[in-house]
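Q: the following comprises the amino acid sequence and a computationally predicted model.
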Amino acid sequence: MFWMNKDVFIRLCDDLENIYKVKGSQRISIAEKLGMFLYTVEEGAGNRNVQERFQHSGETVSRYFSEMLNVVCDMAKEFIKPSDPEFKSTPPEILGDSRYMPHFKFTFACAGWEGTAHDTRIFQSAIHNPTLKFPKPTNGKYYLVDAGYPQIKSICYHISVKGQEFFGCVCLVRWGAQPTGYKEVFNHAHSSLRSVIERTFGVWKKRWNILLDMPSYSFDKQVKIVIAAMALHNYIRRYSGRDCVFDESENLDIEGIGREDDAQNGHGHVSREMEALRNNIASSLMGAPI
C-alpha cells in the first residue's frame with residue numbers, strides 16, 4: 001500500500017495529526033488526505049485520475065494535495081538530516097554488513113537548481129551558505145564524492161586514486177579477479193559504496209513515479225515535491241522493518257556508475273594533503289576482508 005506497510009501508514013497518519021496538526025473533517029479523514037497525496041506521488045497520477053479513484057472534485061484534490069505537500073515538506077526538517085550531526089559513530093548495520101547495508105537515508109537536500117548547473121557550483125553554494133546548514137563532518141571524517149566535485153580538506157575526497165583506473169561497476173570486480181595492490185583495493189571498496197549510493201537514488205525514483213514527469217506543476221511546487229519525496233523515503237526507512245522496494249533493488253539498473261566528470265580541482269598544499277590521505281586509507285585496507 002503506497003510503497004509502505006500498513007503499520008507505517010497508520011503511524012504516519014498519527015504523526016500528521018498529533019505533531020503536524022493536520023485536521024480531518026466530516027467529508028474527508030486524515031487517512032484519505034494522505035492516501036490521495038501518496039497515490040499522486042507514487043503513481044504520478046494527474047488530478048482527473050485522483051478524482052476518479054477517490055471520488056472527490058478536482059478542486060478538493062488540488063487543495064488537499066497542496067496542503068499535504070506543505071506538511072510533508074515541514075516534516076523534512078526533522079527527517080532529512082543526520083541522526084548523528086557530529087558523525088561520532090558508525091551505525092551498527094553498516095559495520096555489520098559487507099555491502100554497507102544499502103538502506104541509506106538522505107541527510108541533506110538542496111532542490112531547485114537548473115539542470116545545467118555543474119555539481120561543483122551547487123556543492124560550493126551549499127557548503128558556503130550558512131542558512132542551508134550543510135552537515136559538515138568532524139575532523140578525520142569525509143564525504144565520498146566523484147571527480148565532479150572539488151577536494152576540500154575536512155569535507156570530501158575523490159573516489160578514485162590518481163594513476164589507477166577506477167572500477168566503475170561492482171560486478172566487474174565481483175566476477176573477475178580479486179583486486180591486487182593498495183590502489184585497486186581502495187577503488188574496489190569505494191566503488192562498492194558508490195554503487196550502494198546510486199542504488200539508493202534508484203530506489204527513491206522507483207518509489208515515487210511523479211519524479212519522472214511533473215510538467216503540470218509550477219516550478220516552486222516541483223521543488224517541494226522533490227523534498228517531500230525524500231522526506232517520505234526517510235520516514236519509511238526509519239520506521240519500516242522491511243522495505244519491499246529495497247528488497248527488489250538488486251534488480252535495478254543503476255545509471256551513472258563509473259561516470260567521471262571533469263574535476264575542477266586546485267593544486268597545492270590541500271591537494272597533496274588529500275592525496276596523502278587517500279594513500280593512507282588505501283594502505284590500511286590491504287589487510288581488510290573484501
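A: Now that the structure is in, tell me what you want to look at.
Q: for the helix or strand hosting N279, which residues meet the burial criterion?
A: Assigned by DSSP states H and E, N279 falls within helix 269-284. For helix 269-284, the neighbour count (16 or more other CB atoms under 10 Å) marks 274, 278, 281-282 as buried. C-beta: built from backbone N, CA, C; applies to glycine.
Q: tell me the one among those nearest to K133.
A: M274 (24.5 Å; CB to CB).
Q: which regions of the stretch 101-250 of the chain lie under the pLDDT threshold?
A: 101-104, 146-148, 150-180, 241-250 (pLDDT under 70).
Q: what segments of this structure are helices?
A: Applying DSSP state H to the chain gives helices spanning 6-18, 30-43, 47-54, 58-79, 92-95, 119-128, 170-175, 181-207, 219-239, 244-247, 269-284.
Q: separation between the residue nearest to the spatial centre of the chain and T200?
A: The centre of the chain sits closest to F106, judged by CA atoms, centre = their mean, with a distance of 4.0 Å. Distance, F106 to T200, by CB to CB, to the nearest Å: 8 Å.
Q: pLDDT wise, what is the nearest residue to Y39 once chain neighbours are set aside at?
A: Excluding the flanking residues, the one nearest Y39 by CB to CB, 6 or more residues apart in numbering is A45, at 5.9 Å. Among the per-residue scores, A45 holds a pLDDT of 93.
Q: do the same with T90
A: Taking T90 on its own, its pLDDT is 70.
Q: what number of residues lie near it?
A: Using other CB atoms under 10 Å, T90 has 10 other residues around it.
Q: how much space between it and S83?
A: Counting by CB to CB - T90 and S83 are separated by 12 Å.
Q: what does L212 give?
A: Distance from L212 to S83, by CB to CB: 29 Å.
Q: who's in contact with I210?
A: I210 makes contact with 40-44, 225, 229 under the criterion CB atoms under 8 Å, 6 or more residues apart in numbering.
Q: give me the buried entries from the residues you listed.
A: Buried among the contacts of I210 by 16+ other CB under 10 Å: 40-42, 225, 229.
Q: how close does the residue nearest to T60 when sequence neighbours are not counted get to Q55?
A: What sits nearest to T60 in space, not counting adjacent residues and going by CB to CB, 6+ apart, is I28, at 7.5 Å. Noted for I28: a distance of 11 Å to Q55, by CB to CB.
Q: run a quick neighbour tally on N5.
A: 17.
Q: I figured it was touching Y239, is that so?
A: No. The pair N5 / Y239 is not scored as a contact, 9.2 Å apart, by CB atoms under 8 Å.
Q: K224 and V71 touch, don't they?
A: No. Taking CB under 8 Å as the definition, K224 is not a contact partner of V71, at 10.7 Å.
Q: still on that earlier bit, run the chain-centre distance for the helix holding N279.
A: 27 Å (CA atoms, centre = their mean, to the nearest Å).
Q: can you list the domains in the chain?
A: 6-79, 92-216+265-287 (automatic domain parsing).
Q: can you put these in TSV and add distance to H233?
A: Compiled in TSV, those are given as follows (distance: least, CB to CB, whole Å):
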stretch	distance to H233
domain 6-79	9
domain 92-216+265-287	5
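Q: so which of those domains gets nearest Y235?
A: Among the domains of the chain, domain 6-79 sits nearest to Y235 (CB to CB), with 5.6 Å.
Q: which one of the helices of the chain lies nearest to Y142?
A: helix 269-284 (7.9 Å).
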